[in-house]
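Chemist: Whatever this is, show me its structure:
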Amino acid sequence: MALILSSHVAGSRVGGSAQALALAQFKIDPMVVPTVLFGRHPGWGAPGGAHVPIEAFEGMLDGIEANNLFGLTDLVVTGYFASVEQVRAAGRAIDAVRAAPRDAGLRKPYIVVDPVMGDAGKGLYVAPEVAQAIQDVLVSRADLLTPNAWELQRLSGADARDPMAAVRAARLMGRPVLVSSVQRGAEIGVVFADRREAWLAAHQRAENVPSGTGDLLTVLFAAAMLEGQTPSFGLARAVGGLVETVAAAGMWQSPELPIVGVGAKIKNASPTVRIERLA
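Modeler: Residues are numbered from 1 along each chain as shown. This next block holds a predicted model:
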């Protein structure tokens, strides 16, 4: 089971609601605890809906824990947060998942923190105090961080725009990092780095890419790690599935990622993705 702490956006394939759809292809049951309830991605305009009050957010977590589901949780994914209080509650939930009794043979939970803060050219799109809380509360709890290059630069204090710079910045974080939006000439790519190895998955840039690619990448890679795949295989498959989904959006003229429409292809590597070992 996966516990997803992120946005629910009814009419856009972004955030936790999109991640839940993707995880279904891997037979991973999602539990989405929303931080906001929006009608559409804010990039389209006023999203509708509202932030989830902390009492409701914590109450949902309490209900899940009361049903003894923390001990069955294999994966925790954090994403967009609307308040410092939500971030702190997420930190407590991660600790409770890790401390929950587990039957013999069940894996330890895998904690993935997507430090959703902002992006190049846009700057912060959460409140500065929320970004600071993510850095203070969640980064140290992560088994894997999945920032974009701009977020990694903010977290590490080091340049992360090209592949080798991204590797150096990632290794300053003291834990495995999957960093997206890494630039190399006409290509764009994703870098995985830990203290033992580093890989790049690069591909040609696409035009008019729908929102939500970072959310999708995060769970595709996390699913591979739950399966026990190697980081290089997980990277190739995750970026491949993402590229195939973006290509389908272009072919079908879809303004949103067609996560359900691509079906099992979301689990496939793509011949258009080039894998390179960096270290």
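
Chemist: In the sheet, which residues pair with Trp199? Tell me.
Modeler: Judged by DSSP bridges, the bridge partners of Trp199 are Phe192, Arg277.

Chemist: residues contacting it?
Modeler: With contact set as Cβ atoms under 8 Å, 6 or more residues apart in numbering, Trp199 has these partners: Val191, Phe192, Ala193, Pro231, Ser232, Leu235, Ile275, Glu276, Arg277, Leu278. Every residue, glycine included, has its C-beta placed from N, CA and C.

Chemist: Could you find the closest non-adjacent residue to the fourth one?
Modeler: Spatial nearest neighbour of Pro231, excluding adjacent residues (Cβ to Cβ, 6 or more residues apart in numbering): Phe192 at 5.0 Å.

Chemist: picking up where we left off before, by neighbours, which of the contacts of Trp199 wins?
Modeler: Neighbour counts for the contacts of Trp199, by other Cβ atoms under 10 Å, peak at Val191, which reaches 30 neighbours.

Chemist: thinking again about what came up before, pretty sure the residue nearest to Pro231 contacts Ser180?
Modeler: No - between Phe192 and Ser180 there is no contact under Cβ atoms under 8 Å: 10.4 Å.

Chemist: Now do the shared contacts for the two.
Modeler: In contact with both Phe192 and Ser180: no residue, using Cβ under 8 Å, 6+ apart.

Chemist: quick one on the thing from earlier: need the contact list for the residue nearest to Pro231.
Modeler: Pro176, Val177, Leu178, Val179, Ala198, Trp199, Ala201, Phe221, Pro231, Ser232, Gly234, Leu235.

Chemist: Among those residues, which lie within helices?
Modeler: Secondary structure from DSSP state H places Phe221, Pro231, Ser232, Gly234, Leu235 of the contacts of Phe192 in helices.

Chemist: Any chance you could list what contacts the helix or strand encompassing Ala131?
Modeler: Per DSSP states H and E: Ala131 is located in helix 128-133. By Cβ under 8 Å, 6+ apart, the residues outside helix 128-133 that reach it are Phe81, Ala82, Ser83, Val84, Val87, Arg88, Pro115, Met117, Gly118, Leu124, Arg154.

Chemist: now those: which count as buried?
Modeler: If you count burial by 16 or more other Cβ atoms under 10 Å, the buried members of those come out as Phe81, Ala82, Ser83, Val84, Val87, Arg88, Pro115, Met117, Gly118, Arg154.

Chemist: now, among those, which is nearest to Arg102?
Modeler: The shortest approach to Arg102 among the buried ones among the contacts of helix 128-133 belongs to Arg88, at 24.6 Å (Cβ to Cβ).

Chemist: Pull the contacting residues for that closest one.
Modeler: Ala133, Val137.

Chemist: Ala142 too?
Modeler: Ile111, Val112, Val113, Arg175.
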